[in-house]
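>>> Fold the following for me, if possible:
(one chain, ligands or ions: 2)
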Amino acid sequence: MKITAVILAAGQGTRMNSDLPKVLHPVCGVPMIAHSLAAVKAASSETPVVIIGHGAEAVREFLGEKARCVIQDPQLGTGHAVQQAESILRGKTDLVLVTYADMPLLRPETIEGLVETQKANKGPLTMLTVSAADPRGFGRVVRAPGGSVQAIIEEAAATEEQLSIHELNVGAYCFSADWLWEALHKIKVSPRAGNGTTTQKGEYYLTDTVALAVQAGLTVQALVSDDLVETIGINTRVHLAEAELAMRQRINRAHMLAGVTIVDPASTYIEPGIKIGRDTVIWPNTYLRGKTVIGEGCVIGPNTIAEDTTVGDCCEILAAVMEGAVVEDNVGIGPFARLRKGAHLCKGVHVGNFGEVKDSTLGPGTKMGHFSYIGNAIIGEDVNIGAGTVTCNYDGVHKNQTEIGEGAFIGSDTMLVAPVKIGARSRTGAGAVVTKDVEPDTLVVGVPARPIKKLNEAKDD
Ligand code: UD1
Ligand code: MG
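Numbering: from 1, shown residues only. Ligands and ions are numbered 1, 2, ... in the order given. The predicted model follows:
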């Protein structure tokens, strides 16, 4: 059975007061529209269709290959919006799943439940509802005395009696496609919601399809959500902050239930899709972003930011900023360290305070305790990088490489003027400025550094 999602994202979002289209505002680091796409993914079999209008180009650019975009111009309501998908979907799908792009907390499980309910429904549509004390301006679900759904009445058109109904239309529906296209042509224009007059141009309400089905003697099913939080819709930045908090709590809770200790969930910011191993402890004010993966048994934070970074098992990372880095097992970082793109710390590495590493590999067991910059370098196993060591990698035009062989000992305050190689087991004296390659097993000192002694030579008998 072919199931296609149609996500409505053409509305202006006036109340956000923003130059950024509403659906591109991030919730837990990810634009709202991406959450909507993630929610419908498991339940649908085809590439989703997104109806765009306000800020269309920016939304289209963000979506790229993830969706087929259809422009709605002018925007004449949710029914009119869905109608825009007819030309590309007619005859190509069995079910149409409709959601609104300003509801980032909708869960995939709920959407799957909606589709399953419709598959079992002989009638043409199933809708998602929720019971809530605060109606938040949502459409009210009118039921017959026997309990069957009769209509959705928008707040602006509701009678006093209807306003007191607590079952609300969430804004997620699953339709039989053939029926939907016909029904959309029958919807009558309603006065624009919220202003209560018919003098302005009206809207075509998708919600009117419910009464159309009932009038034709067809059954409308309602799936009642038991999770009020997932129905938070965003119209203002106040709602945006509510959604951010709710999603943060949801993400943190899932990690905790999976065996991660989060010492203070209120100050721990983990984006969706981050993987964290068991028995890792996350201290407050930690941000895990993008495609970050954290292994088991680590201690992360306090005060740590990791973006697109992979961390192995049993690492301790305190007050560090890491972007695009790879950290293997048993590595210690910080406090106050920075790993930039391309930093690769092998097993057992230690990077202490005020260390910066970029586009460099530090071999297993290498130590870099204090105040160092390592850029564009390949460093072997068990190297000691003394306090204040700097790879002078930039000559004003090019980034040049430094290589340090295994077991080398770089004295404090050494300047490695790249391109340059330090041989295995060699040493540099404190304050050396190394401008030429150093052979293995050699001690160099001074400015510019020169060899003064061979090291580690086999002793005579
Ligand atoms: C809608 C529902 C209401 C429900 C509420 C839940 C209708 C008529 N009403 O009201 O029953 O309780 O959502 O949040 O559907 N959009 C377009 N093109 C348009 C108009 C809207 O793409 O011409 C998009 C918007 O970008 C938005 C979504 O559709 O993502 C919903 O539109 P909105 O104006 O927010 O509807 P509500 O008044 O909230
Ligand atoms: Mg809305």
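>>> interface residues of this protein facing ligand 1?
8-11, 51, 72, 75-78, 80-81, 100-102, 138-139, 152, 154, 168-169, 171, 193, 205-207, 233 (Cβ under 6 Å from any ligand atom). C-betas here are computed from N, CA, C, even on glycine.
>>> Got a ChimeraX select line for the buried ones in those?
Filtering the residues of the chain next to ligand 1 down to the buried ones (16 or more other Cβ atoms under 10 Å) takes a single ChimeraX command:
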select :8,9,10,11,51,72,75,76,77,78,80,81,100,101,102,138,139,152,154,168,169,171,193,205,206,207,233
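>>> and the residues of the chain next to ligand 1, which of them are in helices?
78, 80-81 (DSSP state H).
>>> In contact with the closest residue to R289 other than its chain neighbours: list those residues for me.
Nearest residue to R289, sequence neighbours excluded (Cβ to Cβ, 6 or more residues apart in numbering): E307, at 4.2 Å. By Cβ atoms under 8 Å, 6 or more residues apart in numbering, E307 lies in contact with 287, 289-290, 292, 322-324.
>>> in the stretch 201-350 of the chain, what spans have low per-residue confidence?
201 (pLDDT under 70).
>>> for the residue nearest to F138 when sequence neighbours are not counted, what are its contacts?
Nearest residue to F138 in three dimensions, chain neighbours excluded: L168, at 3.9 Å (Cβ to Cβ, 6+ apart). The contact partners of L168, by Cβ under 8 Å, 6+ apart, come to 129-132, 135-136, 138-141, 231.
>>> if I look at M32, how far off is I378?
From M32 across to I378, the span is 43 Å (Cβ to Cβ, to the nearest Å).
>>> do you know how far K119 is from ligand 1?
Distance of K119 to ligand 1, computed by Cβ to the nearest ligand atom, to the nearest Å: 23 Å.
>>> Most neighbours among the contacts of E307, which one?
Neighbour counts for these peak at M322, which has 27 neighbours (criterion: other Cβ atoms under 10 Å).
>>> on that earlier part again, I'd like to know which of the contacts of L168 are buried.
Using 16+ other Cβ under 10 Å, the buried ones in the contacts of L168 are 129-130, 135, 138-141, 231.
>>> and those as CSV, adding distance to I374?
Formatted as CSV, those follow (distance: Cβ to Cβ, whole Å):
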residue, distance to I374
T129, 58
V130, 54
P135, 59
F138, 56
G139, 60
R140, 63
V141, 62
T231, 50
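>>> Now the two most distant members of these.
Using Cβ to Cβ, the two most remote members of the buried ones among the contacts of L168 are R140 and T231, lying 13.9 Å apart.
>>> so who does T292 touch?
T292 touches 271, 274-275, 306-311, counting by Cβ under 8 Å, 6+ apart.
>>> where does it fall, phi/psi-wise?
When read as degrees, to the nearest 10, the backbone of T292 gives phi -70, psi 140.
>>> And the average pLDDT for stretch 146-165 is what?
Mean per-residue pLDDT for stretch 146-165: 95.
>>> Okay, buried residues for it please.
149-155, 158, 162, 165.
>>> Tell me where the stretch 51-200 of the chain has helices.
With DSSP state H, counting those that start in this stretch as the criterion, the stretch 51-200 of the chain has helices at 56-63, 78-83, 86-89, 108-120, 160-163, 177-186.
>>> Buried deepest among those helices, which one?
helix 78-83 (a mean of 24; mean count of other Cβ atoms under 10 Å).
>>> Using CSV, write down the CA coordinates of that helix.
Taking Å, rounded to 0.1, in the frame of the first residue of the first chain, the C-alpha atoms of helix 78-83 are listed here in CSV:
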residue,chain,number,x,y,z
THR,A,78,-5.3,24.2,5.0
GLY,A,79,-7.8,22.6,2.6
HIS,A,80,-6.5,24.6,-0.3
ALA,A,81,-2.9,23.8,0.8
VAL,A,82,-3.5,20.0,0.6
GLN,A,83,-5.2,20.5,-2.8
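>>> Now do that helix: which elements does it pack against?
Contacts defined by 3 or more Cβ pairs under 8 Å, 6 or more residues apart in numbering; DSSP states H and E place helix 78-83 against strand 3-9, strand 95-100, helix 177-186.
>>> follow-up on the earlier one: looking at the contacts of T292, which is nearest ligand 1?
E271 (22.5 Å; Cβ to the nearest ligand atom).
>>> Setting aside sequence neighbours, what's the nearest residue to that closest one?
Using Cβ to Cβ, 6+ apart, the nearest residue to E271 is G29, at 4.1 Å.
>>> residues in contact with that neighbour?
G29 touches 271-272, 289-290, counting by Cβ under 8 Å, 6+ apart.
>>> Relative to L288, how far out is it?
From G29 to L288 the distance is 9 Å (Cβ to Cβ).
>>> just V445 next, same as before
From V445 over to L288 (counting by Cβ to Cβ), the distance is 44 Å.
>>> higher neighbour count, these two?
Between V445 and L288, counted using other Cβ under 10 Å, the more crowded position is L288 (26 against 18).
>>> quick one: contacts for the residue lying closest to P31 once chain neighbours are set aside?
In this structure, P31 finds its nearest non-sequential neighbour in L24, 4.7 Å apart by Cβ to Cβ, 6+ apart. Counting by Cβ under 8 Å, 6+ apart, L24 touches 31-33, 55, 58-59, 62.
>>> I'd like the distance between the residue nearest in space to the middle of the chain and T207.
In the chain, the centroid-proximal residue (Cα atoms, centre = their mean) is V30; its distance is 4.0 Å. Noted for V30: a distance of 28 Å to T207, by Cβ to Cβ.
>>> And E65, by the same measure?
From E65 to T207 the distance is 32 Å (Cβ to Cβ).
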